[in-house]
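J.: Predicted model follows, preceded by the sequence.
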Amino acid sequence: MTSLAFDVTPVLNRFDMASWFNKNLIDLGFQVGTKVLWALAILLITRYAIDLVARFTRRAFNPVEPTLRKFLIQASEVLTLVVGMVAFLSALGIQATSLVAVVGAAGLAIGLALQNTLSHFAAGVMLLNQRPFEVGDFIEGPQGVKGVVDAIGIFSTTVITPDNVKITVPNNNLFSGVLKNTTAMRTRRIDLKIDIGDRAIEPTITLLLSLAQPHPLVLSNPKTTCHVASISPKSTTLYLRPWCRADVYEQVQSEILQLVKEALIEGNSSANGEHELIDDPW
């Protein structure tokens, strides 16, 4: 009879390897699963932390100007998100030093690509800090920008032009150029340059003052003034300078010009247009 010999050693070795592999796989899965669950928990905590920080910042900066308050709230939200993302990646086992290096390189690349945008951001911060104008002010800026400030953003400012057109102006354009705020002082002086020809000076000054001072939109303080601007052999030029609120400047200027023109024509109808009005507002 033939006897069969069976060596069980290789089978046992394979069984031991399978057991070892399964055990280490379970341990690895447990470790990875724990890290993933903890990382997901950090994301969830970060989500609620952002809402909590935004609510706290909104309450803390309630007295602050609305545009600046919005910026501070957004900055606090972004900062909380960054902290949460760093904690999330650390929970997954990603080294913070490697993360900082990657973020630094990415930040440098993004900074080079978005230098104009960053300059507008910096200008927006300076505009919010220095307050050369506020929402509702009428401004005149570089490149023909003229209108009422509707909103001051982080990167740009929205202006409504007198003909009701909404334009967006990059903040750096306003911050780096010459900016004229015509409503900041709340009152303005209207400078009207009037050529009275050969009319007598004193009676004409009295006439012009009697036209401008009773106007309902002309202020009594400061007082309206009228004096000689220049004299030539053929004519005399006077400055008529009434004061008004800044928001009705153009209306008062137009109405007084009309009054003066009609009065001069009526007072000397035979002059045949000899008396000329020259509007020279500053």
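T.: Perfect, I can see it now.
J.: Could you use CA atoms for every contact and neighbour count after this?
T.: Fine.
J.: Wait, a helix at G84?
T.: Yes. G84 forms part of a helix when assessed by DSSP: H, G, I helix; E, B strand; the rest coil.
J.: Quickly note the distance from it to I45.
T.: Going from G84 to I45 by C-alpha to C-alpha, to the nearest Å gives 8 Å.
J.: do E134 as well
T.: From E134 across to I45, the span is 38 Å (C-alpha to C-alpha).
J.: more neighbours, those two?
T.: E134 (20 against 12; other C-alpha atoms under 10 Å).
J.: Can you check the pLDDT for the closest residue to Q253 other than its chain neighbours?
T.: Nearest residue to Q253, sequence neighbours excluded (C-alpha to C-alpha, 6 or more residues apart in numbering): I190, at 6.5 Å. Looking at I190, its pLDDT stands at 93.
J.: my guess is I190 meets A246, correct?
T.: No. I190 is beyond contact range of A246, at 9.8 Å (criterion: C-alpha atoms under 8 Å).
J.: Looking at these two now, which is surrounded by more residues?
T.: A count of neighbours by other C-alpha under 10 Å puts I190 above the other of I190 and A246, at 24 against 19.
J.: what distance separates the start and the end of stretch 165-178?
T.: End-to-end distance of stretch 165-178 (C-alpha to C-alpha): 22 Å.
J.: In that stretch, which residues are buried?
T.: For stretch 165-178, the neighbour count (16 or more other C-alpha atoms under 10 Å) marks I167, T168, V169, P170, N171, N172, N173, L174, F175 as buried.
J.: For this structure, which segments count as helices?
T.: Assigned by DSSP state H, the chain shows helices spanning 9-60, 66-91, 96-113, 115-130, 171-176, 201-212, 249-267.
J.: Kindly format the C-alpha coordinates of stretch 210-229 as PDB.
T.: Extracted in PDB, the C-alpha atoms of stretch 210-229 (Å, rounded to 0.1, in the frame of the first residue of the first chain):
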ATOM      1  CA  SER A 210     -31.300 141.800  -4.200                       C
ATOM      2  CA  LEU A 211     -31.700 138.900  -6.600                       C
ATOM      3  CA  ALA A 212     -29.600 136.300  -4.900                       C
ATOM      4  CA  GLN A 213     -30.300 136.900  -1.200                       C
ATOM      5  CA  PRO A 214     -34.100 136.400  -1.200                       C
ATOM      6  CA  HIS A 215     -33.700 133.000  -3.000                       C
ATOM      7  CA  PRO A 216     -35.300 130.400  -0.700                       C
ATOM      8  CA  LEU A 217     -32.300 128.000  -1.000                       C
ATOM      9  CA  VAL A 218     -29.600 130.700  -0.500                       C
ATOM     10  CA  LEU A 219     -28.200 130.700   3.000                       C
ATOM     11  CA  SER A 220     -28.200 133.800   5.100                       C
ATOM     12  CA  ASN A 221     -25.000 132.700   6.900                       C
ATOM     13  CA  PRO A 222     -22.400 132.900   5.400                       C
ATOM     14  CA  LYS A 223     -23.700 136.100   3.600                       C
ATOM     15  CA  THR A 224     -23.900 136.500  -0.100                       C
ATOM     16  CA  THR A 225     -21.100 138.800  -1.400                       C
ATOM     17  CA  CYS A 226     -20.600 140.700  -4.600                       C
ATOM     18  CA  HIS A 227     -17.500 142.600  -5.600                       C
ATOM     19  CA  VAL A 228     -15.400 143.700  -8.600                       C
ATOM     20  CA  ALA A 229     -13.400 140.900 -10.200                       C
END
